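Undergrad: curious how this folds, go ahead:
(one chain, ligands or ions: 2)
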Amino acid sequence: MTEQAKPAVADSRQLSELYRMASVGRLTAKVVHEINTPIGSIRSNNEVLGRWLDTLSKLLADSIEKGTAPPAKAVDILDTLKSLAAVDKLACDRISSVIRGLKTFVRVNEGQLGRMDLNDLLRDTLKLAGCEYRRRISLVEDYGEIPEVECFPQLMSQVFLNLLVNAGQAIENEGTVTVKTSVEDACVHVAITDTGKGIAPEHRARIFSPGFTTKPVGEGTGLGLAITREIVVDTHLGTIDFDSVPGQGTTFHVRIPIEHPRSISKQS
Ligand SMILES: Nc1ncnc2c1ncn2[C@@H]1O[C@H](COP(=O)(O)OP(=O)(O)OP(=O)(O)O)[C@@H](O)[C@H]1O
Ligand SMILES: [Mg+2]
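TA: Residues are numbered from 1 along each chain as shown. Ligands and ions are numbered 1, 2, ... in the order given. Reported below is the predicted structural model:
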């Protein structure tokens, strides 16, 4: 009996997985960079906290010994300690949110078809893309009232990450990325707009082709939009298109049916 020959090239699912792993690698480096700042701030606050706590205990021990009220300096120190603790809390929140974004993205496979609030998914994914943006890009989040959508959340998070990273990379210096959601007929519409360099007319027809990239060798694989299109159109039976004005910016429109059409056909 002959075994059927295995295809020599990776199928689209394997390709998508390889691309995801490569993206995780690139993102991890950025995430590490991003969480180093809040960790540095917690560490240095901690040293200051230790010193002030020593001073505070001495001041309080003195006043107990003398039977007097705690000196004003002790009260000042308490205020300083409180504000340092508040800064530490912010730093910890920042770290947790970046890690949460990474966790959503790293899950191994496409997961289950389930109901998901795309606003929540975008918020989580933006925490990751934020590592790419740093302080260069300002973000406008315009979330509409939308129902939960029947989708594969991990795959949709990959779609948003690809579009958000592309938007960030299209902006050379400073600019704005706007994320807007709304309901449109039986779909949720997600629009991601950047004020970047735009898509040249001669590239418009090719940007969803696997391997098409205008980025330097080693920076872009040209697979991001091909995989994005596959997840939106083939897996979710949605649509993706874009408007772009060279020199002014680009908007990608993703429309995902609120009910996954395959599960509707199963029910009927
Ligand atoms: N928001 C955008 N603004 C301008 N050009 C874009 C935008 N999004 C995509 N493009 C163009 O489409 C090309 C293909 O995008 P795609 O995401 O598939 O690959 P890539 O970003 O080049 O590489 P990778 O995603 O693997 O890092 C990009 O190289 C760029 O020329
Ligand atoms: Mg890309």
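Undergrad: which stretches of this protein form strands?
TA: Assigned by DSSP state E, the chain shows strands spanning 114-116, 137-142, 149-151, 175-184, 187-194, 239-245, 249-257.
Undergrad: wait, which of those is closest to ligand 2?
TA: strand 249-257 (11.1 Å; CB to the ion). Bear in mind the C-beta positions are built from the backbone N, C-alpha and C, glycine included.
Undergrad: and the closest one, average pLDDT?
TA: Averaged across strand 249-257, the pLDDT comes to 98.
Undergrad: still on that earlier bit, tell me which of the strands of the chain lies nearest to residue 233.
TA: strand 239-245 (6.6 Å; CB to CB).
Undergrad: can you mark which positions in that closest one are buried?
TA: Applying a neighbour-count criterion of 16 or more other CB atoms under 10 Å, the buried positions in strand 239-245 are 240, 242, 244.
Undergrad: angle of that strand against strand 187-194?
TA: Here strand 239-245 points in a direction 30 degrees away from that of strand 187-194 (axes from the mean of the first three to the mean of the last three CA atoms, to 10 degrees).
Undergrad: got the CA coordinates for strand 239-245 in PDB?
TA: These are the backbone C-alpha positions of strand 239-245, laid out as PDB (Å, rounded to 0.1, in the frame of the first residue of the first chain):
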ATOM      1  CA  THR A 239     -15.300  40.900   4.200                       C
ATOM      2  CA  ILE A 240     -12.200  43.000   4.200                       C
ATOM      3  CA  ASP A 241     -11.400  46.000   2.000                       C
ATOM      4  CA  PHE A 242      -9.600  49.300   2.300                       C
ATOM      5  CA  ASP A 243      -9.600  53.000   1.300                       C
ATOM      6  CA  SER A 244      -6.300  54.700   1.000                       C
ATOM      7  CA  VAL A 245      -5.000  58.100  -0.100                       C
END
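Undergrad: ok, now which ones touch residue 240?
TA: When contacts are counted by CB atoms under 8 Å, 6 or more residues apart in numbering, residue 240 touches 208, 228, 229, 232, 233, 252, 253, 254, 255.
Undergrad: what does the pLDDT read for it?
TA: The model reports residue 240 with a pLDDT of 98.
Undergrad: just residue 19 next, same as before
TA: 73.
Undergrad: residue 56 touches residue 76, doesn't it?
TA: No: judged on CB atoms under 8 Å, residue 56 makes no contact with residue 76 at a distance of 9.8 Å.
Undergrad: which one of these two has more residues nearby?
TA: A direct count of neighbours by other CB atoms under 10 Å for residue 56 and residue 76 places residue 56 higher, at 19 against 12.
Undergrad: got a list of what the closest residue to that one other than its chain neighbours touches?
TA: Leaving aside its sequence neighbours, residue 56 sits nearest to residue 77 (CB to CB, 6 or more residues apart in numbering; 4.8 Å). Applying CB under 8 Å, 6+ apart to residue 77 gives the contacts 52, 55, 56, 59.
Undergrad: noted, bye for now.
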